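> coords below, sequence missing:
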């Protein structure tokens, strides 16, 4: 792993950890446990407020991508903007993802995709 000023150039790796932090693999494992707990609750809506890396991992899980695809996905589709809002609607056979970004005094909304459930 190459480093410059203590920062890794391999930060898009699923196993890269910042000092005293957790890797994306750790977060994915933790998020899957959290998702399973939520599935067992009888709730219609849930609000999650978190940082970008955890949202990237959540979006990765929803797409049902294998861990081997993490670096490729992060570099191509995993970009999360500062203060970006994601909305997920879970149907019986699919999940719909929308994002909302505040630009000036209005939001730009983008419905990204429907993802089939496995």
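On my side now, so go ahead. Everything numeric in this text was worked out from a predicted model, so none of it was measured.
> max-length helix in the chain?
Among the elements of the chain assigned as helix by DSSP state H, the one spanning the most residues is helix 24-39.
> now what about that helix, what contacts it?
Surrounding helix 24-39, the residues in contact under the criterion Cβ atoms under 8 Å, 6 or more residues apart in numbering are 13-17, 22, 46, 53-54, 56-58, 60-61, 67, 70, 74. (C-beta placed from N, C-alpha, C; glycine too.)
> Buried ones among these?
With neighbours counted using 16 or more other Cβ atoms under 10 Å, those contain these buried positions: 13, 14, 16, 53, 54, 56, 57, 58, 60, 70, 74.
> What are the neighbouring residues in contact with the second one?
It refers to residue 14. Neighbour list for residue 14: 23, 24, 25, 28, 67, 70, 71 [criterion: Cβ under 8 Å, 6+ apart].
> circling back: tell me the buried residues in the longest helix of the chain?
24, 25, 27, 28, 31.
> Determine which two of these are furthest apart.
Taking Cβ to Cβ as the measure, these span a maximum distance of 10.8 Å, between 25 and 31.
> residue contacts, residue 46?
Counting by Cβ under 8 Å, 6+ apart, residue 46 touches residue 38.
> In which helix or strand does it reside?
Secondary structure here is read from DSSP states H and E; on that basis residue 46 sits in neither a helix nor a strand.
> sorry, back to before: tell me the one among the buried residues of helix 24-39 nearest to residue 96.
Distances from residue 96 to the buried residues of helix 24-39, taken as Cβ to Cβ, are shortest for residue 31 (18.8 Å).
> Sweet, I'm off.
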